[in-house]
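Novice: after the sequence you'll find the predicted model.
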Amino acid sequence: LGSNLLRFLLHMRAFGSSAGLLPWPKPVAAKSPVRRVQQSSVESFWNFHLRDLILAGVFFSVGFAATNISFQGASAAFVETVKAAEPITSAATAVMWGIEVLGIPEVLSLSTIVLGVLLSTLGNVSGSNNSAGGSNPKSSFADSLQSCGTVMLANICFSFRGLHQKLFRAVYPKSAFDDLNLQFRMQQVGICLLIGPVLIWDGRVLLRSLWLYQDLKLCGLALLNGLSFTSYNLASTFVLTRISVVHHAALNCIRRIFAIIVTSIIFRIPITAIGALGIIISFGGFLSFTQYKMKRQTQPKPISTLLPISTSPPS
């Protein structure tokens, strides 16, 4: 559903995509000749010009698959709360790969977000147990712990998705390959990656459910989910092209705070005082991070010592 919607938007040349549907990017000509040597399949892939685009699509798809799996073992509010820790994994990934520099105030702000996440998680687990009448808290804790690990795997995947999208953009700027085409190709990679497991493990059950469901409610929910999924990720791709990986992940906290509150209301999961305090702390940490990030961007950059120094006297 998502890829078909994106293909339709590309044919309509929507959202500034004046070129329409573009083919897969071609290799960028090297500035200096490179001697060709025999390479293994692994080395050939790492030198492949579509490496970062393919990896962005793989991490993008695995991240959402892990998120869907986590929803089976925990409440929606709990999953969205743990996903708020994504700025930490994104910051670690960006710093390790050298595409981001964080100061002490920014690190402290991200740590504040983590503290808020932990408090919200404890409050959500307590609220879930109280709403369930306190039945089998040990099993509930085990399910929450397993879901927490699955969501953290999704956070890591989304962090690497942002990393490889930035690396891809360093070679192919937005003017050469716009965001709509980028998101379309990433979803194509996801289809190729997940179509096999879906048909093997869920194909028979899915077809039987579609055949027996008379009121088409399942089809309507699938259509709504697909449209919402595509709209959200298209907006995410647009934003990520224009800001840093860590800032993009921190910006997600605002959406997650809203999602925690809304899902708690819809699924009737009470927000405890600890959970509310965690939400407030997470929001404050995001505001602090944004302020220090903007302050860093407005500071003049130091002159690089790699620049040539003129030793000739002034004329």
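Specialist: Received the coordinates, thanks.
Novice: how about the helices in the chain?
Specialist: Assignment of helices within the chain using DSSP state H yields the ranges 2-11, 41-46, 51-71, 76-83, 86-96, 104-131, 137-171, 179-197, 203-212, 217-242, 245-266, 273-298.
Novice: out of those helices, deepest packed?
Specialist: helix 76-83 (a mean of 25; mean count of other C-beta atoms under 10 Å). Just so you know, the C-beta spots here come from the backbone N, C-alpha and C atoms, and that holds for glycine as well.
Novice: pLDDT of that helix, averaged?
Specialist: The average pLDDT within helix 76-83 is 73.
Novice: contact partners of it?
Specialist: Contacts to helix 76-83, defined as C-beta atoms under 8 Å, 6 or more residues apart in numbering, come from residues 67, 70-71, 117, 120-121, 124-125, 128, 144, 147-148, 151-152, 154-155, 252, 256, 259-260, 263-264, 267, 269, 271, 278.
Novice: reformat the helices of the chain as a markdown table; add distance to P25.
Specialist: What follows is the helices of the chain, written out as a markdown table (distance: least, C-beta to C-beta, whole Å):
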| stretch | distance to P25 |
| --- | --- |
| helix 2-11 | 15 |
| helix 41-46 | 16 |
| helix 51-71 | 7 |
| helix 76-83 | 31 |
| helix 86-96 | 23 |
| helix 104-131 | 33 |
| helix 137-171 | 8 |
| helix 179-197 | 8 |
| helix 203-212 | 33 |
| helix 217-242 | 15 |
| helix 245-266 | 21 |
| helix 273-298 | 29 |
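Novice: mean pLDDT for these: which is lowest?
Specialist: The weakest mean pLDDT among the helices of the chain belongs to helix 41-46, with a mean of 56.
Novice: how near is the closest residue to A249 other than its chain neighbours to I99?
Specialist: Nearest residue to A249 in three dimensions, chain neighbours excluded: S90, at 3.7 Å (C-beta to C-beta, 6 or more residues apart in numbering). Using C-beta to C-beta, to the nearest Å, S90 is found at 11 Å from I99.
Novice: common neighbours of those two, please.
Specialist: In contact with both S90 and I99: V245, using C-beta under 8 Å, 6+ apart.
Novice: which ones are touching the residue nearest to A249?
Specialist: 158-159, 162, 245-246, 248-249.
Novice: which of these lies closest to L55?
Specialist: G162 (11.3 Å; C-beta to C-beta).
Novice: dump the residue contacts of the closest residue in space to the closest one that isn't next to it in sequence.
Specialist: Ranked by C-beta to C-beta, 6+ apart and with sequence neighbours excluded, the top spatial neighbour of G162 is V245, at 4.1 Å. For V245, the contact set (C-beta under 8 Å, 6+ apart) comprises 90, 93-94, 99-100, 159, 162-163, 166.
Novice: could I get the residues you listed as a markdown table with distance to R185?
Specialist: Shown next, in a markdown table, are these (distance: C-beta to C-beta, whole Å):
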| residue | distance to R185 |
| --- | --- |
| S90 | 22 |
| T93 | 22 |
| A94 | 23 |
| I99 | 21 |
| E100 | 25 |
| S159 | 20 |
| G162 | 16 |
| L163 | 17 |
| K166 | 16 |
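Novice: right, and out of those residues, which lies closest to G285?
Specialist: Nearest member of the contacts of V245 to G285, counting by C-beta to C-beta, is S90, at 14.1 Å.
Novice: could you report the separation of the residue lying closest to G2 once chain neighbours are set aside from L22?
Specialist: Nearest residue to G2, sequence neighbours excluded (C-beta to C-beta, 6+ apart): T230, at 3.8 Å. T230 is 18 Å from L22, where distance means C-beta to C-beta.
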